[in-house]
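A.B. asks: predicted model follows, preceded by the sequence.
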Amino acid sequence: MKSSILFILLFVFNVSIAQQIEKLTDGKFMYCLTLEKLAAPHYRTFANEPPSNSTKKKTPRLGFTVGTVKSITIYPINDTTKKQVIIPDKNESAWPWTDANKEEKFILEDMNFDGNNDFRFLSSSDNFIYCCYVYQPSTGQFVKDTVLNKLVGAQFDQNQKLIYENWQGLTNKGTETFKYIDGKLTLIEEEETRDDISKKTTTVTLKKLVDGKMKVVSQVVSPHEN
């Protein structure tokens with residue numbers, strides 16, 4: 001009997017260590033996040049990394065521990081009885097969660113520019129991919145936005161009501177600009193900078209949304225800057 005009680009106490013103790021509760025508020029809602037530490041270390045992956053069966057020597061990588069957002073409980077500040085509980089689908093966030101870095105892990109921001117705060121939390125610490133939830137005024141609930149979820153490291157311009165996504169490849173990089181048109185997130189501009197090593201040139205191509213289609217409006221080729 002004593003051994004059973006001891007086992008239960010140890011189990012509860014270990015769970016309490018592995019889990020952490022974080023509370024954030026925007027003055028209108030309280031957001032309570034239950035974070036659970038994962039035992040196995042996580043290793044960053046890179047596109048140019050040799051495959052596992054390769055004979056090439058791999059560069060040593062630094063492993064770090066990550067945590068999973070197990071649940072998010074949300075309730076209005078003025079009415080704690082109206083609770084919404086969100087259970088994410090195995091999304092990870094970098095661990096530990098500290099006062100110094102939590103603002104980049106869980107972000108409260110109006111992402112669809114309707115005047116209401118939405119939220120997103122880091123689901124991949126490798127590529128800064130966020131899991132986004134937007135507020136529905138008609139229901140008073142937050143729902144997952146699968147379109148915003150596809151953006152990597154999105155930046156939201158509240159003044160211009162535009163969303164920017166920066167991306168980078170081995171020889172090219174660019175910025176895509178999105179805008180809500182008739183309630184639909186729409187790509188309206190794309191600028192790409194591409195380096196041609198063999199020709200020693202850099203090409204900057206600008207595309208814009210014209211008559212419902214993305215069209216090249218300018219293309220400038222210049223000597224490659226070393």
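C.D. replies: Cool, got the structure.
A.B. asks: so residue 149 belongs to a helix, correct?
C.D. replies: Yes. Checked against DSSP: H, G, I helix; E, B strand; the rest coil, residue 149 lies within a helix.
A.B. asks: wait, it sits on residue 131?
C.D. replies: Yes. Between residue 149 and residue 131 there is a contact under C-beta atoms under 8 Å: 6.1 Å. The C-beta positions use only the backbone N, C-alpha and C, and glycine is treated the same way.
A.B. asks: so which of those two has more stuff around it?
C.D. replies: Taking neighbours as other C-beta atoms under 10 Å, residue 149 and residue 131 compare with residue 131 leading, 23 against 16.
A.B. asks: not counting sequence-adjacent ones, nearest residue to the most centrally placed residue in the chain?
C.D. replies: Nearest to the mean C-alpha position of the chain, by C-alpha atoms, centre = their mean, lies residue 130 at 1.6 Å. Nearest residue to residue 130 in three dimensions, chain neighbours excluded: residue 120, at 4.0 Å (C-beta to C-beta, 6 or more residues apart in numbering).
A.B. asks: now the one you found: which helix or strand?
C.D. replies: According to DSSP states H and E, residue 120 maps onto strand 118-124.
A.B. asks: now the element after that strand, going C-ward?
C.D. replies: Next element after strand 118-124 (DSSP H and E): strand 129-136.
A.B. asks: show me what that next one is packed against.
C.D. replies: Helices and strands touching strand 129-136, as assessed by 3 or more C-beta pairs under 8 Å, 6 or more residues apart in numbering; DSSP states H and E, comprise strand 118-124, strand 141-144.
A.B. asks: residue 174: which of the ones you listed is closest?
C.D. replies: For residue 174, the closest of those is strand 118-124, at 20.4 Å, according to C-beta to C-beta.
A.B. asks: give the pairing partners of that closest one; include direction for each.
C.D. replies: Here strand 118-124 has these sheet partners by DSSP bridges: strand 106-109 (antiparallel), strand 129-136 (antiparallel).
A.B. asks: which of the residues in it are buried?
C.D. replies: 118-123 (16 or more other C-beta atoms under 10 Å).
A.B. asks: now it - C-alpha only, PDB.
C.D. replies: Extracted in PDB, the C-alpha atoms of strand 118-124 (Å, rounded to 0.1, in the frame of the first residue of the first chain):
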ATOM      1  CA  ASP A 118      -5.600  36.900 -32.600                       C
ATOM      2  CA  PHE A 119      -2.700  34.700 -31.500                       C
ATOM      3  CA  ARG A 120       0.000  32.500 -32.800                       C
ATOM      4  CA  PHE A 121       2.500  30.200 -31.100                       C
ATOM      5  CA  LEU A 122       5.800  28.700 -32.400                       C
ATOM      6  CA  SER A 123       5.200  25.300 -33.800                       C
ATOM      7  CA  SER A 124       8.700  24.800 -35.400                       C
END
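A.B. asks: contact partners of that strand?
C.D. replies: 31, 33, 69, 72, 88, 91-94, 104-112, 128-135, 142, 145, 148 (C-beta atoms under 8 Å, 6 or more residues apart in numbering).
A.B. asks: if we go to 7 Å?
C.D. replies: Residues from elsewhere that reach strand 118-124, judged by C-beta atoms under 7 Å, 6 or more residues apart in numbering: 31, 69, 91-94, 105-112, 128-135, 142.
A.B. asks: ok, stretch 128-143 next?
C.D. replies: 74, 82, 84, 86, 88, 91, 111-112, 116-123, 144-145, 148-149, 152-153.
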